[in-house]
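*Asks:* pasting the sequence and the predicted model now:
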Amino acid sequence: MQLLFLPLIFNSSMSFFGFGQSAEIDIVLNDAETRKKAEHKSEDGRKDKYFLFYDGETVSGKVNVTLKYHGKRLEHNGIKIEFIGQIELYYDRGNHHEFVSLVKDLARPGELTQSQTFDFEFTHVEKPYESYTGQNVKLRYFLRAAVSRRLNDISKEQDIVVHTLSTYPELNSSIKMEVGIEDCLHIEFEYNKSKYHLKDVIVGKIYFLLVRIKIRHMEIDIIKRETTGTGPNIYHENDTIAKYEIMDGAPVRGESIPIRLFLAGYEMTPTMRDINKKFSVRYYLNLVLIDEEERRYFKQQEITLWRKGDIVRKSMSHQAVIASQRFEGSSNQEKPRSQSHNEDDS
């Protein structure tokens, strides 16, 4: 007897033995039409725009569950939405370190006979860290809605971007450093301050006090250093964000060179120190001198970067006031204070 094997054709829109997704989920924020969006880089370097939030703001909206097949019921073990903030280290992708995890149950176990919309609200949500995608680490916030089923859940995620706004006290000391090689070279350089907002201008001056070697080239680099891991498993990644040529040619004793470096044109984040004990992002000004024999001399100084909010406080919602007070209550002269939820574009 000859057996006849017929090919089995499976269409992605069909429910194969009931295992396929018979519904679609969509997450819509209540203020989607008016909320500002911010550009954020993904792991592959692509830039996309996401809804922008700040610490203490409420996240609310609707979850739409749309049944694909008219007249067919959807049995489920509950419907929920989560607000999650997590850190993922690329060398340990199996483990997601959650620092915010909130859950709202939208429906008890049962069945849906038609498409349905569920409202949700996460009130005054704490978002303590800035969204970040680096070379070895990613910090993200997202909403995840899920219809729980016996065999396969139906879920949808939507990322948002969080910016941390702050202001430093007026006390912002200047940076003074010296580069010296005994009896050969003595240079002093001074920057107007040590803390800069992301659209600030670095103003400084370099003084040549003793020059007995032939300097051919001098530049200032902005170095970003990303540190991940702890103990023996610590990783440092240095990235040169900017190069600013100060001088091309030989200086003479007594000469001074002004520096004016605009930060707004570069992609940088605020300084991030020991974020959830998982990673740090720091920035350095690196002075580089090259002599005629191609020898290189370096001097490095850390600077603090921060994201500037409005200087004058505007009328704030109740939730913004709560967030602001919470940050100000724990601040000191070296820790930035939370500002109102408006970024200063100047």
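*Replies:* Looks like it came in fine. Residues are numbered from 1 along each chain as shown.

*Asks:* from here on, just use CA atoms for contacts and neighbour counts.
*Replies:* OK.

*Asks:* mind jotting down where the helices sit in the protein?
*Replies:* Secondary structure of the chain (DSSP state H): helices at 318-329.

*Asks:* hey, which helix or strand in it has the poorest pLDDT?
*Replies:* The helix or strand of the chain with the lowest confidence, counting by mean pLDDT, DSSP states H and E, is helix 318-329 at a mean of 44.

*Asks:* what sits against R307?
*Replies:* Residues near R307 by C-alpha atoms under 8 Å, 6 or more residues apart in numbering: H163, T164, L165, S166, T167, H197, L198, T269, P270, E343.

*Asks:* tell me the contacts of the last one?
*Replies:* Think E343. L165, R307, K308, G309, D310.

*Asks:* what about 6 Å?
*Replies:* G309 (C-alpha atoms under 6 Å, 6 or more residues apart in numbering).

*Asks:* change the start of the numbering to 21 and stick with it
*Replies:* Understood, numbering begins at 21; the last thing we discussed is E363.

*Asks:* what are the bridge partners for it, then?
*Replies:* Taking DSSP bridges as the rule, E363 bridges to G329.

*Asks:* how close does it get to D125?
*Replies:* 34 Å (C-alpha to C-alpha, to the nearest Å).

*Asks:* now the fourth one
*Replies:* The spacing between S186 and D125, counted by C-alpha to C-alpha, is 34 Å.

*Asks:* who has more neighbours, these two?
*Replies:* S186 (24 against 14; other C-alpha atoms under 10 Å).

*Asks:* what residues are bridge-paired with that one?
*Replies:* According to DSSP bridges, beta-bridge pairing links S186 with K328, S358.

*Asks:* same deal with Y304?
*Replies:* Going by DSSP bridges, Y304 is paired in beta bridges with I243, E322.

*Asks:* pretty sure it contacts E322?
*Replies:* Yes: if you go by C-alpha atoms under 6 Å, Y304 and E322 touch, sitting 4.2 Å apart.

*Asks:* next, show the common contact partners of these two.
*Replies:* Joint contacts of Y304 and E322 (C-alpha under 6 Å, 6+ apart) do not exist.

*Asks:* and these two? Which one has more around it.
*Replies:* Y304 (20 against 16).

*Asks:* any idea how far that one lies from I242?
*Replies:* Taking C-alpha to C-alpha, one finds Y304 at 6 Å from I242.

*Asks:* for Q134, same thing?
*Replies:* Relative to I242, and taking C-alpha to C-alpha, Q134 is found at 57 Å.

*Asks:* next: K328.
*Replies:* 19 Å.

*Asks:* these two - which one has more neighbours?
*Replies:* K328 (26 against 22).
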